[in-house]
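> from the sequence below, what's the structure:
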Amino acid sequence: MLDLELLRTLVCVVDEGSFTRAASRVHRTQSTVSQQVRKLEQNVGKTLLLRDRAGGNVSATEDGELLVAYARRLLAIAGEAEHVLSAPRKTRVLRLGIPEDFDVSRLTALLAGFAAGHADVRLETSSGMSMDLRRGLASGELDLALVKREPGDGPCLAAWPEKLLWVGGGQRFQECASVPLVLFPQGCIYRKRVIYALESAGRPWHIAYHSPSLSGVQAAVAAGLGVSLLPAFARLDTHEVLDEETGFAPVPPTELAIVGNPRTLSAAEQHLVEALKQAIGRAGLPEAA
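Prediction:
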């Protein structure tokens, strides 16, 4: 393997045309410079310099000229590598929004794996209501968002239908004068579907419990505080599925979508979109559209 330090000395001697001047330029003794050139000649098995002992001048042989040409290129590449490695790296911030009512445990391993594989990217994940996430995208505060929405509600990078189920904690609500509801806050698409379905059926209702978190809604339903509408993946074993026989007609599916601007996606954003698609697909949702 060629020693860059020896190549640097060879180039310097050829440029100066003298061991003495080259030694002064590299701040070494003339004997040290001569020894380095001889060592390089031994390594490559070629005579690289013609020495003029009388005049103290040297010139490159044909082999020396060839090696000097390569040496200049190798030294330039080495210098470029040192510059790139010594320069401070620019860290790209990638901002992802996920729904407040989404099961974050499904994404934690994904997000950790993505961060480990993209050292030059700082992933910032925030949660909120889907309508707030869409506003964040519009204002530039987010780069990508996973949102709950009506099917086909605008362009997206990927989308999955979400089957919705009426769930309760085992109580019977057919004869209730008013159906107790366990709901997410205002703006949640599930909340809108619940209220619209009951009012369309002419059934009175009241809010018994509301929570911004999926776990809070799940626990309240399991405890028997009321009825809720949840995506099929979020139904717990302690939940009873309510159907038309129990007075709750099926409702159309909603949609889980990855939203962003496909024209401006960076390579890191594209990788994150693909990782999200794989993770959500493994969770049992149909293949993304």
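> helix or strand with the lowest mean pLDDT in the chain?
The weakest-scoring helix or strand in the chain, judged by mean pLDDT, DSSP states H and E, is helix 108-117 (a mean of 78).
> for that helix, packing partners?
strand 121-128, helix 267-282 (3 or more C-beta pairs under 8 Å, 6 or more residues apart in numbering; DSSP states H and E). From N, CA and C alone the C-beta is placed, and that goes for glycine too.
> identify whichever of these lies nearest to residue 107.
helix 267-282 (6.2 Å; C-beta to C-beta).
> list the buried residues in the closest one.
268, 269, 271, 272, 273, 275, 276, 277, 279, 280 (16 or more other C-beta atoms under 10 Å).
> ok, the second one to residue 275 distance?
Note on residue 269: its distance to residue 275, by C-beta to C-beta, to the nearest Å, is 11 Å.
> just residue 162 next, same as before
20 Å.
> any idea how far the least confident helix or strand of the chain is from the chain center?
In this view, helix 108-117 has its centroid 8 Å away from the chain centroid, taken as C-alpha atoms, centre = their mean, to the nearest Å.
> orientation of it relative to helix 267-282 in degrees?
150 degrees (axes from the mean of the first three to the mean of the last three C-alpha atoms, to 10 degrees).
> which elements pack onto the longest helix belonging to the chain?
Of all segments of type helix in the chain, defined using DSSP state H, the longest is helix 62-86. Under the contact criterion of 3+ C-beta pairs under 8 Å, 6+ apart, helix 62-86 touches helix 4-16.
> touching the very next helix or strand once past the helix it packs on from outside, list them.
Counting by DSSP states H and E, the element after helix 4-16 in chain order, helix or strand, is helix 19-26. With contacts defined as C-beta atoms under 8 Å, 6 or more residues apart in numbering, helix 19-26 is touched by 8-9, 12-13, 15-16, 29-30, 32-34, 37, 56, 58.
> one more: stretch 222-238?
Against stretch 222-238 from outside (C-beta under 8 Å, 6+ apart): 103, 162-171, 173, 179-183, 190, 193-194, 197, 208-209, 214, 217-218, 220-221, 239, 241-242, 248, 251, 254, 256, 283-285.
> which of those residues are buried?
Here, 16+ other C-beta under 10 Å leaves 103, 162-169, 173, 179-183, 190, 193-194, 197, 208-209, 214, 217-218, 220-221, 239, 242, 248, 251, 254, 256, 285 buried among the contacts of stretch 222-238.
> so where is the protein shaky, pLDDT-wise?
53-56, 87-90, 103-106, 174-175, 281-289 (pLDDT under 70).
> how is it divided into domains?
Domains of the chain are assigned by automatic domain parsing as 4-86, 92-160+255-282, 164-252.
> on that earlier part again, highest neighbour count among the contacts of helix 19-26?
Within the contacts of helix 19-26, most neighbours by other C-beta atoms under 10 Å means residue 13, with 28 neighbours.
> what number of residues lie near the closest residue to it other than its chain neighbours?
Leaving aside its chain neighbours, residue 13 sits nearest to residue 22 (4.3 Å; criterion: C-beta to C-beta, 6 or more residues apart in numbering). Residues contacting residue 22 under the criterion other C-beta under 10 Å number 24.
> now do residue 22 against residue 10, distance only.
9 Å.
> repeat for residue 182
In terms of C-beta to C-beta, residue 182 sits 80 Å off from residue 10.
> now do residue 51
Residue 51 is 13 Å from residue 10, by C-beta to C-beta.
> which one of those two has more residues nearby?
Neighbours were counted for residue 51 and for residue 10 using other C-beta under 10 Å; residue 10 has more, 24 against 14.
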